[in-house]
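A.B. asks: here is a sequence with its predicted model. Questions after.
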Amino acid sequence: MAPLSGMNDAPGDHAASTITPEAARHVLAHHELVSSTPVPRDPGRRDLHVAIVMDGNGRWAKARGMPRALGHREGVAALRRTIESAADLGVHRLTVFGFSTENWRRPKREVMELMGLLRAYFHSDLKRLEHRGVRVRILGRRTGLEPDVLEMIEAAETQTAANDSFHLQVAFNYGGRADIVDAARAFAEAVARGDAKACDLNEALFEAHLSTAPIPAPDLIIRTSGEQRLSNFLLWECAYAELIFQDVYWPDYGPEHLRAAIEDYRSRQRRYGGLVPEDILAAS
Ligand code: FPP
């Protein structure tokens, strides 16, 4: 595994830019004048947040005449490979979709298999992740999960809470809409208790109630298997993410695929609805 500790650059280690501090201040002042939207962060070369919809386990297995469960098991191996290579490719945060609020609709046996895989994954990998400085968080609803799975999730989060070399977030029993509803309910309850005022609600305050808080939104969302949709993943957080769809089943995923996705991402220009600073200056 690549050494994860100390992989991050200092803030401000962004892609080479010719913008002077004075010009940057001008751009930010302009933004604050016209918008209440928080200025999106611009990740450094080693500070990327990548999120992945690990799709295609079932089709991978079917193509080989194997049960779907084996596709999921191979999916765990692909996840391990991806985590191992991520820091070297400049990723500091990785969020993966392990089980959606809609996946309960699958046959009971497959649901059990996916629960079992989460157990097995933490059982086999948690110590290693912990020693490598990885902070683990599980996103999503805690309701409906077996008590031992809950215990495992809480232990994984507690044992790795002081780590900061790399952040691994596993969305499990997660749905983007459910997360938004839960955040709205939490804020409404705070208002009802007198701890918050409805008139103070803005995007930043709302965002603070999502289960993804305080981790910044993903810069890049990847979906494997050739399907091109988000399937209820990070619906709020995806607002300015770059989307990349790769034609590979998840169990076949490896560092070369992640590298290709990141190279594609780095070739794009993120404008967040505005202009790049050079163009603002040219226009003013
Ligand atoms: C989508 O493939 C994948 C899932 C629903 C589960 C993803 C889970 C893993 C990769 C296992 C690792 C998980 C954890 C939590 C350690 P699909 O079954 O929908 O594939 P298909 O579209 O080809 O049927």
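C.D. replies: Yep, it's here.

A.B. asks: now name the helix or strand holding the residue in the stretch 101-250 of the chain positioned nearest to the ligand.
C.D. replies: Of all residues in the stretch 101-250 of the chain, the one sitting closest to the ligand is residue 121 (3.9 Å; Cβ to the nearest ligand atom). In short, each C-beta sits where N, CA and C put it, glycine included. For residue 121, the host element (DSSP states H and E) is helix 108-131.

A.B. asks: which residues does that helix contact?
C.D. replies: 1, 68-69, 72-73, 75-76, 79-80, 83, 98-99, 103-104, 106, 136, 145-146, 148-149, 152-153, 155-156, 159-160, 163, 168, 170, 172 (Cβ atoms under 8 Å, 6 or more residues apart in numbering).

A.B. asks: that helix: which residues count as buried?
C.D. replies: 113-115, 117-118, 121-122, 125-126, 129-130 (16 or more other Cβ atoms under 10 Å).

A.B. asks: put the alpha carbons of it into CSV.
C.D. replies: What follows is helix 108-131, C-alpha atoms only, in CSV (Å, rounded to 0.1, in the frame of the first residue of the first chain):
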residue,chain,number,x,y,z
LYS,A,108,-33.1,-11.3,1.2
ARG,A,109,-30.2,-13.5,0.4
GLU,A,110,-28.3,-10.8,-1.5
VAL,A,111,-29.0,-8.3,1.2
MET,A,112,-27.6,-10.7,3.8
GLU,A,113,-24.5,-11.2,1.6
LEU,A,114,-23.9,-7.5,1.4
MET,A,115,-24.3,-7.1,5.2
GLY,A,116,-21.9,-10.0,5.6
LEU,A,117,-19.4,-8.4,3.3
LEU,A,118,-19.4,-5.2,5.4
ARG,A,119,-18.8,-7.3,8.5
ALA,A,120,-16.0,-9.3,6.8
TYR,A,121,-14.4,-6.2,5.3
PHE,A,122,-14.1,-4.4,8.7
HIS,A,123,-13.0,-7.7,10.4
SER,A,124,-10.2,-8.2,7.9
ASP,A,125,-9.1,-4.6,7.1
LEU,A,126,-10.0,-2.3,9.9
LYS,A,127,-6.7,-2.7,11.9
ARG,A,128,-4.7,-2.1,8.7
LEU,A,129,-6.7,1.0,7.8
GLU,A,130,-6.3,2.3,11.4
HIS,A,131,-2.5,1.8,11.3
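
A.B. asks: after it, which helix or strand is next?
C.D. replies: strand 134-139.

A.B. asks: about what we covered before: please list which of the contacts of helix 108-131 also come close to the ligand.
C.D. replies: Among those, the residues within reach of the ligand (Cβ under 6 Å from any ligand atom) are 72, 75-76, 79, 98, 103, 170, 172.

A.B. asks: quick one: name the residues of the chain near the ligand.
C.D. replies: Going by Cβ under 6 Å from any ligand atom, the residues of the chain near the ligand are 54-59, 72, 75-76, 79, 98, 103, 114, 117-118, 121, 170, 172, 225, 250.

A.B. asks: in strands, which of these appear?
C.D. replies: In this view, those that belong to strands under DSSP state E are 98, 170, 172.

A.B. asks: show me what contacts the last one?
C.D. replies: It stands for residue 172. Contacts of residue 172 by Cβ under 8 Å, 6+ apart are 98-99, 118, 138-140, 153.

A.B. asks: these: which two are farthest apart?
C.D. replies: 118 and 139 (12.8 Å; Cβ to Cβ).

A.B. asks: mind listing the shared neighbours of the two?
C.D. replies: 170, 172.

A.B. asks: quick one: the helices in this protein?
C.D. replies: 21-34, 57-63, 68-86, 108-131, 147-159, 176-193, 203-207, 255-266, 277-283 (DSSP state H).

A.B. asks: residue 92 is nearest to which of the ones you listed?
C.D. replies: Nearest of the helices of the chain (Cβ to Cβ): helix 68-86, 8.4 Å.

A.B. asks: ok so, going back, okay, the buried residues of helix 108-131 in CSV with pLDDT next?
C.D. replies: What follows is the buried residues of helix 108-131, written out as CSV (pLDDT from 0 to 100):
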residue, pLDDT
113, 96
114, 97
115, 96
117, 96
118, 96
121, 96
122, 96
125, 97
126, 97
129, 97
130, 97
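
A.B. asks: contacting residues for the spatially closest residue to residue 218 that is not a sequence neighbour?
C.D. replies: Take residue 218 and drop its neighbours on the chain: the residue closest to it by Cβ to Cβ, 6 or more residues apart in numbering is residue 51, 3.9 Å away. By Cβ under 8 Å, 6+ apart, the contact set of residue 51 is 94-97, 218, 220-222, 233-234, 237, 241.
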